[in-house]
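1. model the following, please.
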Amino acid sequence: MSLNTTGHLLRDMEQLRVHLGVERWLVFGGSWGSALSVAYAERNPERVSEMVLPAFWLMGRAEVDWLYRGGSRGLFRGVGAVRGGVPECQDGGDRPLPTSGSWTPRCARAFEP
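-> The predicted structure follows:
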């Protein structure tokens, strides 16, 4: 994963453009791709003719907090029931999925079908 960074992806996009012999191109990206498209356009404005960003997501702190820290709760009925099914044994308490290797067999069993 050390080679899967935004900088590496932007270089990959530019190498692809050069390889294809495209002078300027339309950049299309949805969700995370919208953030990548904006970063590419900022780095290479002379290479972008247009941008299409149908589902805009920049992964900013406010957006992540809104999605994962409660802002989206009002949009979906039953979110509390889903959150209630997440076992207490995971790291972080309020994170929906673990972000470290600290799963115990008891915790893993809680997610078995």
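2. buried residues of stretch 8-27, list them for me.
-> 9, 10, 13, 17, 25, 27 (16 or more other CB atoms under 10 Å). For glycine as for every other residue, the C-beta is placed from the backbone atoms N, C-alpha and C.
3. among these, which two are most distant?
-> 9 and 25 (15.6 Å; CB to CB).
4. now the closest residue to residue 24 other than its chain neighbours: which helix or strand?
-> In space, and not counting its chain neighbours, residue 24 is closest to residue 49: 4.3 Å by CB to CB, 6 or more residues apart in numbering. Assigned by DSSP states H and E, residue 49 belongs to strand 48-52.
5. so which residues of this protein form helices?
-> 6-20, 32-43, 61-68, 79-84, 105-110 (DSSP state H).
6. now render those helices as CSV, adding distance to residue 53 and mean pLDDT.
-> Formatted as CSV, the helices of the chain follow (distance: least, CB to CB, whole Å; pLDDT from 0 to 100):
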stretch, distance to residue 53, mean pLDDT
helix 6-20, 15, 95
helix 32-43, 4, 91
helix 61-68, 14, 76
helix 79-84, 27, 52
helix 105-110, 38, 48
